[in-house]
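Undergrad: after the sequence you'll find the predicted model.
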Amino acid sequence: MIKGTVLINSETCKGCELCIVACPQGSLSLSQKINLRGYRYVELSQDNCTGCTNCAIVCPDAAITVYRQSKQQYKKAV
Amino acid sequence: MPTQKSEIRLMKGNEALAEAAIRAGLDAYFGYPITPQSEVLEYLTEQIPKRHGLVLQAESEVASINMVYGAAGAGARVMTSSSSPGISLMQEGISYIAAAELPCLIVNVVRGGPGLGTIQPSQGDYFQATKGGGHGDYRLIVLAPASVQEMCDFVFDAFKLAEKYRTPAMILSDGALGQMMEKVEFPEEGSLPHQVPTWATTGKKGRERNFITSLHIEPEKMEMINLHLQEKYKEIEKNEVRYETFNIDDAEIVLVAFGLPARICQKAMELARDKGIKVGLVRPITLFPFPKKILSDISKKVNNFLVIELNAGQMVEDVMLAANGRCPVHFKGRMGGMIIQPEDILEEIEKIVEQPIMQE
Amino acid sequence: MQQEILLDGMECVYQKPATLTDDYLHYCPGCGHAVAHKILMEVVQEMDIQEDIVGVAPVGCSVFAYNYMNIDMQEAAHGRASAVATGIKRVLPEKYVFSYQGDGDLAAIGTAETIHTVNRGENILIVFINNGIYGMTGGQMAPTSLLGQKTSTSPYGRDVEHNGYPLKITDLVAQLPGAYYVTRQAVHTPNTVRKFKKAVKNAFEYQKLKKGTCFIEVVSNCPSGWKITPKETIQYLEEKMFPFYPLGDLKVPGQSKN
């Protein structure tokens, strides 16, 4: 499986959870912490992200940046 | 594109205005038919395809004025025209245009109201034109022509002023001026160059983005915008007042009239002078900015003002403010599309002169 | 930072488009408007048309669209965005022009402008966000509110006897010969967002052809107005909205014109 990860801007995240629904891996969850605007924000809670970008695509606040292994890296790893 | 040389023609006021707009370098016209100004749209739809610019018949006056907003915001020299009920429909858009500081020309060929009223000439839209018309604190620069020649000339003046101050300008004409034919001398085309302003939304190539809005949700900001607008209107009042005077120096009674009634007043003035009554005339050309100072100065010297309008008495309030109690201000008007006659004015003058001067 | 170490050697495959400003979006959590903004700006970035586009914002929740889209924009009076866009496009025919309007703006107060803009075949894109409610003013009934839908001005549910039917204006628009491309999309799942993005791309490509108006309805959500959570809006969309407003193309180029 290609490895990926996400960076979530906890200050622009409003905790709508649409990304949690969109994530096929169940990698995301709502944090217990709250940001400056008073929202509980989403964080990466499992180490099984594939970098599919589904979460970022549905994120209304453009709060998610997605990274993924390059194909070369993936081949090397395999 | 061959440019038109200066020439003299016999033309309807509405057509002269339309021809002047093309010669003034009009980029776009958006309008909707309404009597008595449809000739503007008709003339432009006939001429513009052969010359330059764009003309579009919109689905309503509401759409027209918002097309004007869009095109003016995109940096074009743009205008619309209509008559009273249509101008009423445009008021929201005009308020937005004034607030967003977009230059454009709006022509009102006024007809008798209220309501659907009549298609005959009137000056019943004076308040609407000079006091704001739409919502909020704003003003239009208002020019009132009294001849077909001025229907032409004021198009140039209105574009110049609108662009100088980034504000909508209005030509407040009437149904008679729009329909009547007179000799008119057109200037050569190209006398009014136009550059796309730096604030226009033309695509943000090579600069920060521009946006045009009248929305400022923070009251602090909105007050600043209002103060800025008021500052601008003060500047306009300082620089752009225009009026004409006739026989003021020895006058005991001074007529005040704008537009076509000012010409009728000239005749009345002659009739009165023939009878030995010293009558003068002030004709405000800009209704905003209103020629307060000259009226104020005259009010110190004369016994009476007589304001003549084709309405129930609208400009008379501004004359009263200018006179500020220094001399009596009388009013005579006709409404509903009726035009006042010189003899009616003379009769009114004689009535006033015969009255004993009230002493406090 | 721990995450930076994890990123080592990975490539960025998705980030906020540079065509969006850094302003904090005022939209409620989970609002479809914000997704639509982002996707529009992604397409603008990918097509490299940021310097050649002028947008028109409406009155409604997206009244501040110009704060977020880093392009030239104008803010129109309520319902008049397509008239304003007409004015812009007519004097700048070589630029890309779009209006962005909600259901109240486009399908109630601005119905005349909408129909006539499309009927003239103005070469613009109209993006129509339909969430079946007036969001900005606090959740009142919209022309597109569903029958039975409870809003602050239909507290007992929209009653057909009293309020009439929800207006399928996109179906109406698709009947007009001036319409070149009419489609109904959504933005609530990764797949629907991808389809919406394709539709936006199509529309801007078509705009170059000058063959008529492109019209994209987005059946969107309003968690605050519907008084449910953003997650619950997914179910509401699929069970209530899409049966009445089915997703898909209503008119595509090449199809027989009416």
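TA: Thanks, I have it.
Undergrad: measure residue B:102 to residue B:205 for me?
TA: Going from residue B:102 to residue B:205 by CB to CB, to the nearest Å gives 21 Å. For glycine as for every other residue, the C-beta is placed from the backbone atoms N, C-alpha and C.
Undergrad: same check on residue B:56?
TA: Taking CB to CB as the measure, residue B:56 falls 26 Å from residue B:205.
Undergrad: what do you get for residue C:59?
TA: 28 Å.
Undergrad: quick one: which of the two has more around it?
TA: Set side by side, residue C:59 and residue B:205 give different neighbour counts by other CB atoms under 10 Å in any protein chain shown, the larger being at residue C:59 (22 against 10).
Undergrad: look at that one and report its pLDDT.
TA: With respect to pLDDT, residue C:59 has a value of 97.
Undergrad: burial count for residue C:172?
TA: 16.
Undergrad: tell me the contacts of residue 56?
TA: Just going to use chain A. With contacts taken as CB atoms under 8 Å, 6 or more residues apart in numbering or on different chains, residue A:56 has the following neighbours: A:6, A:19, A:62, A:64-66, C:14-15.
Undergrad: can you look at chain B instead?
TA: Neighbours of residue B:56 in contact, by CB under 8 Å, 6+ apart: B:28-30, B:67, C:86, C:90.
Undergrad: for the closest residue to chain A within the stretch 51-200 of chain C, give its distance to residue C:197.
TA: Proximity to chain A, evaluated over the stretch 51-200 of chain C using CB to the nearest CB, is greatest for residue C:190 at 4.0 Å. As for residue C:190, its distance to residue C:197 is 11 Å (criterion: CB to CB).
Undergrad: do the same with residue B:335
TA: Distance, residue B:335 to residue C:197, using CB to CB: 61 Å.
Undergrad: with residue B:319 instead?
TA: Noted for residue B:319: a distance of 63 Å to residue C:197, by CB to CB.
Undergrad: packing partners for the host helix or strand of residue C:11?
TA: Mapping residue C:11 onto the secondary structure by DSSP states H and E places it in strand C:10-14. If you count contacts as 3 or more CB pairs under 8 Å, 6 or more residues apart in numbering or on different chains; DSSP states H and E, strand C:10-14 packs onto strand A:4-8, strand A:64-69.
Undergrad: let me see the contact set for the closest residue to chain B within the stretch 51-200 of chain C.
TA: The minimum distance from the stretch 51-200 of chain C to chain B, using CB to the nearest CB, falls at residue C:87 (2.7 Å). Listed by CB under 8 Å, 6+ apart, the contact set of residue C:87 reads B:28, B:30, B:66-74, B:78.
Undergrad: near chain C, list only the ones from those residues.
TA: Contacts with chain C within the contacts of residue C:87, as defined by CB under 8 Å from any CB of the partner chain: B:28, B:30, B:66-74, B:78.
Undergrad: what about these, which are in strands?
TA: Residues of the ones next to chain C among the contacts of residue C:87 located in strands (DSSP state E): B:28, B:30, B:78.
Undergrad: give the contact list for the most centrally placed residue in chain A.
TA: Centrality entry for chain A: nearest residue to the mean C-alpha point is residue A:6, 4.2 Å, by CA atoms, centre = their mean. Residues in contact with residue A:6 (CB under 8 Å, 6+ apart) are A:27-28, A:44, A:49, A:51, A:55-56, A:64-67.
Undergrad: partner strands of the strand holding residue C:11, parallel or antiparallel?
TA: Within its sheet, strand C:10-14 is paired with strand A:64-69 (antiparallel), according to DSSP bridges.
Undergrad: now residue A:4: closest residue in space, sequence neighbours ignored.
TA: residue A:51 (2.0 Å; CB to CB, 6 or more residues apart in numbering or on different chains).
Undergrad: of residue B:319 and residue C:197, who's got more company?
TA: It is residue B:319, of residue B:319 and residue C:197, that has more neighbours when counted by other CB under 10 Å, with 27 against 19.
Undergrad: would you double-check that that one falls in a helix?
TA: Yes: according to DSSP: H, G, I helix; E, B strand; the rest coil, residue B:319 belongs to a helix.
Undergrad: these two touch, right, it and residue B:329?
TA: Yes: with contact defined as CB atoms under 8 Å, residue B:319 counts as touching residue B:329 (5.3 Å).
Undergrad: shared neighbours, these two?
TA: Joint contacts of residue B:319 and residue B:329 (CB under 8 Å, 6+ apart) are B:305, B:307.
Undergrad: ok, the nearest residue to residue C:245 once chain neighbours are set aside to chain B distance?
TA: Nearest non-adjacent residue to residue C:245, counting by CB to CB, 6+ apart: residue C:219, 4.8 Å away. For residue C:219, the distance to chain B under the criterion CB to the nearest CB, to the nearest Å works out to 27 Å.
Undergrad: where does the stretch 101-250 of chain C have low pLDDT?
TA: Flagging of the stretch 101-250 of chain C using pLDDT under 70 yields an empty set of residue ranges.
Undergrad: follow-up on the earlier one: write the PyMOL selection for whichever of the contacts of residue A:56 are buried.
TA: In PyMOL, a selection of the buried entries from the contacts of residue A:56 looks like this (16 or more other CB atoms under 10 Å in any protein chain shown):
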select buried, (chain A and resi 6+19+62+64+65+66) or (chain C and resi 14)
